[in-house]
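Trainee: Below is the sequence, then the predicted model.
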Amino acid sequence: MFKILTHKACLQHQLADHPERPARLHAVLDRLRSDGIITGTEDVISPVTAELLCLVHPAHFVEQVIAAEPETGTIRLDADTYLSNGSIKAAFMAAAANIQATQLVLENAAERVFCAVRPPGHHAERAEAMGFCLFNNIALAAETALQHPSINRIAILDFDVHHCNGTVDIFKDRPEVLVCSSFQEEFYPYRYMAFSNEHIVSVPLASGTKSQHFRRAIESQWVPAIEKHKPDFIFVSAGFDAHADDPLGGLLLSRDDYRWITELIIDLAKQYAKGRIVSTLEGGYNTEALADCAAEHASALQSYATIKS
Ligand SMILES: [Zn+2]
């Protein structure tokens, strides 16, 4: 079974004229509803506690971010990363969705879950919020799975145009966690981009890279690593800002590439991970392209589940 988790609190994190804006999530949800991928009402998400965030972040950092939320207006943690009134509830719900999604899969209440949430998380390092991200949502999902006795090895796959420095920072010394990323080279976040070891597989792509080269790079570098690692559970940082129309990124992917990579991930999950996939929204800043690509991703996750059952 396929589920989508979202929460209206994720729309309350906002700063005028910032690219990471509520309109992104509105566009995704509107498209998923009009395409019939979301039917009925949103799933209710159980709130997360600050203690749960300490699965991947130190308590002093969590307290620091919570304390930074303003009562009115906005504050910036760095040039890119802001908090408004409502940001902490949004960030808590984004984290909660990822944790709940993982629990649903572990309990066999779902096989695949997509978390349509914001703010994104993959730039959030163990003790630093950056790159529009406050807490690392996918890392929390992954750590939740690793606490389950039947989950020994997991993979986190990240096809956002930006490198997942936060996820690498959190899992760089954890060989049971395979992190495969593809990203635009010599681009934000300018850290960890050259870092690699046996379980951190980084695939930098030159600005202007198109579908064919992207697909070959994934097939030749991600797939063998996943086949060797044999993950029990696959997590996806689903950023859609490598699309050709994205205003931030310089890669030239199409919506078809997102269906292609989602189907590839589903095949690998079926082969090694009993089909288990939790995917979460990361970047994507052209709302139309974002909606198109997120719909391809969610539709592939959903339709494959339907065929299987
Ligand atoms: Zn991004």
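Mentor: Right, received. Where do you want to start?

Trainee: so how many other residues sit close to the residue of the stretch 101-250 of the chain found nearest the ion?
Mentor: In the stretch 101-250 of the chain, the residue found nearest to the ion is residue 162; the distance is 3.6 Å by Cβ to the ion. For glycine as for every other residue, the C-beta is placed from the backbone atoms N, C-alpha and C. When neighbours are counted by other Cβ atoms under 10 Å, residue 162 registers 28.

Trainee: what helix or strand is it on?
Mentor: Remark: residue 162 resides in no helix or strand, with elements defined by DSSP states H and E.

Trainee: wait, it sits on residue 123?
Mentor: Yes - using Cβ atoms under 8 Å, residue 162 is in contact with residue 123, at 7.0 Å.

Trainee: Keeping just the C-alphas, turn stretch 86-95 into PDB.
Mentor: Extracted C-alpha coordinates of stretch 86-95, given in PDB (Å, rounded to 0.1, in the frame of the first residue of the first chain):
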ATOM      1  CA  GLY A  86       5.200  28.800  12.800                       C
ATOM      2  CA  SER A  87       8.600  27.500  11.600                       C
ATOM      3  CA  ILE A  88       9.200  25.200  14.500                       C
ATOM      4  CA  LYS A  89       5.700  23.600  14.200                       C
ATOM      5  CA  ALA A  90       6.400  23.200  10.500                       C
ATOM      6  CA  ALA A  91       9.800  21.600  11.100                       C
ATOM      7  CA  PHE A  92       8.400  19.400  13.800                       C
ATOM      8  CA  MET A  93       5.600  18.100  11.500                       C
ATOM      9  CA  ALA A  94       8.100  17.500   8.600                       C
ATOM     10  CA  ALA A  95      10.200  15.500  11.000                       C
END
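
Trainee: how far is it from where the chain is centred?
Mentor: 15 Å (Cα atoms, centre = their mean, to the nearest Å).

Trainee: In terms of pLDDT, where does the residue in the chain positioned nearest to the ion sit?
Mentor: As assessed by Cβ to the ion, the ion sits closest to residue 283 within the chain, at 2.7 Å. Note for residue 283: predicted pLDDT of 98.

Trainee: tally of neighbours for it?
Mentor: 28.

Trainee: what do you get for residue 39?
Mentor: Residue 39: 8 neighbours (other Cβ under 10 Å).

Trainee: One more: residue 209?
Mentor: Neighbour tally, residue 209, other Cβ under 10 Å: 20.

Trainee: same thing with residue 70?
Mentor: Residue 70: 12 neighbours (other Cβ under 10 Å).

Trainee: Not counting its neighbours along the chain, what's nearest it?
Mentor: Spatial nearest neighbour of residue 70, excluding adjacent residues (Cβ to Cβ, 6 or more residues apart in numbering): residue 85 at 6.1 Å.

Trainee: now residue 244
Mentor: residue 252 (4.2 Å).
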